[in-house]
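A.B. asks: Quick one: sequence and predicted model below, then my questions.
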Amino acid sequence: MAVRCYDGRMNSETKQMKIGVLGSGSGSNMQAILDAVKAGTLDARVVCVIADVPDAGILERGRRHGVPSFYVDPAPYKTKLDGDAEARYIAVLREQGVDTVVLAGFMRIVKRGLLQAFGGRVLNIHPALLPSFPGLKAWEQALAYGVTVTGCTVHFVDEGTDTGPIIVQRAVPVQPGDTAATLHARIQTAEHEAYPEALRLLASGRLKISGRAVTQQF
Ligand code: GAR
């Protein structure tokens, strides 16, 4: 069974985790991470943000917070980051000194090249309790299925779609009369706690992956 340990302190007590965020949307999860860093509850720096959509709100948010913010062309692919586009993303992340890649509403499948370039230190947030409702618009899938509890999941990214080892999950109730919008908003409130929490665990340097299980070593 493969066991991997993640030293979030990146080899010394003084070297902070350097996060590169990839996103396609408004960037509220990145905002939560920036807020945790600012509040001193997450020992890390967001060193850059890259979007695959030129006018994504996450870029404007990054610029407002003084984070180097880049649109990087994902062409020719529509749903994945691969080939030359993947190489362009890796190059920018490396130039900016990133050691940890955080997918925050990045609506593409990332492939082996990016995962290997960052030694598996690639995290994603998904708006459901995986393995339920992988893929797109998970909150709509939850409503359509009629579950009474859904939530969010922060996980390491592997080569599948929303299949990597799970770090943090938060449950969220589905309430009578919920619409897709009200349920997604409630899930996002949970996401904004879950992502900083998962990054704190990673930064502690004590996360261990054994098979699918992520545990803390003391
Ligand atoms: C979040 O709800 C995130 O879970 C979801 O996109 C939203 C991005 O919001 N991601 C996925 O659905 C990935 N499959 P944000 O841009 O405000 O952080």
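C.D. replies: Yep, that arrived.

A.B. asks: Every contact and neighbour count from this point should use C-alpha atoms.
C.D. replies: Fine.

A.B. asks: What sits closest to residue 68 if chain neighbours are left out?
C.D. replies: Spatial nearest neighbour of residue 68, excluding adjacent residues (C-alpha to C-alpha, 6 or more residues apart in numbering): residue 48 at 4.8 Å.

A.B. asks: Please work out which residues outside the helix or strand the one you found falls within touch it.
C.D. replies: Using DSSP states H and E, residue 48 maps to strand 44-51. Contacts to strand 44-51, defined as C-alpha atoms under 8 Å, 6 or more residues apart in numbering, come from residues 16-24, 34, 37, 58-59, 62, 67-72, 89, 93, 96-98, 106, 203.

A.B. asks: what about the residue nearest to residue 68, how many neighbours?
C.D. replies: Residues lying near residue 48 (other C-alpha atoms under 10 Å) number 25.

A.B. asks: Just list whatever residues bridge to it.
C.D. replies: For residue 48, the beta-bridge partners under DSSP bridges are residue 20.

A.B. asks: for the chain, what spans make up the helices?
C.D. replies: 28-39, 57-64, 83-95, 112-117, 138-145, 180-203 (DSSP state H).

A.B. asks: Ok, which of these comes nearest the ligand?
C.D. replies: helix 28-39 (3.5 Å; C-alpha to the nearest ligand atom).

A.B. asks: Counting by contacts, list what that closest one packs against.
C.D. replies: strand 44-51, helix 57-64, helix 180-203 (3 or more C-alpha pairs under 8 Å, 6 or more residues apart in numbering; DSSP states H and E).

A.B. asks: ranking these by burial, who's on top?
C.D. replies: strand 44-51 (a mean of 24; mean count of other C-alpha atoms under 10 Å).

A.B. asks: So is that strand next to the ligand?
C.D. replies: No - Strand 44-51 lies out of reach of the ligand by C-alpha under 6 Å from any ligand atom, never closer than 10.3 Å.

A.B. asks: For the spatially closest residue to residue 169 that is not a sequence neighbour, give its distance to residue 162.
C.D. replies: Distances taken as C-alpha to C-alpha, 6+ apart put residue 153 closest to residue 169, at 4.4 Å, once the chain neighbours are dropped. For residue 153, the distance to residue 162 (C-alpha to C-alpha, to the nearest Å) stands at 9 Å.

A.B. asks: Tell me the residues that contact both of these two, please.
C.D. replies: 126, 130.

A.B. asks: Look at the two and report which has more neighbours.
C.D. replies: More neighbours surround residue 153 than the other of residue 153 and residue 162, with 26 against 23 (other C-alpha under 10 Å).

A.B. asks: Surely that one touches residue 168?
C.D. replies: Yes - in terms of C-alpha atoms under 8 Å, residue 153 counts as a neighbour of residue 168; the distance is 5.8 Å.

A.B. asks: which residues do those two both contact?
C.D. replies: Both residue 153 and residue 168 are in contact with residue 194, where contact means C-alpha under 8 Å, 6+ apart.
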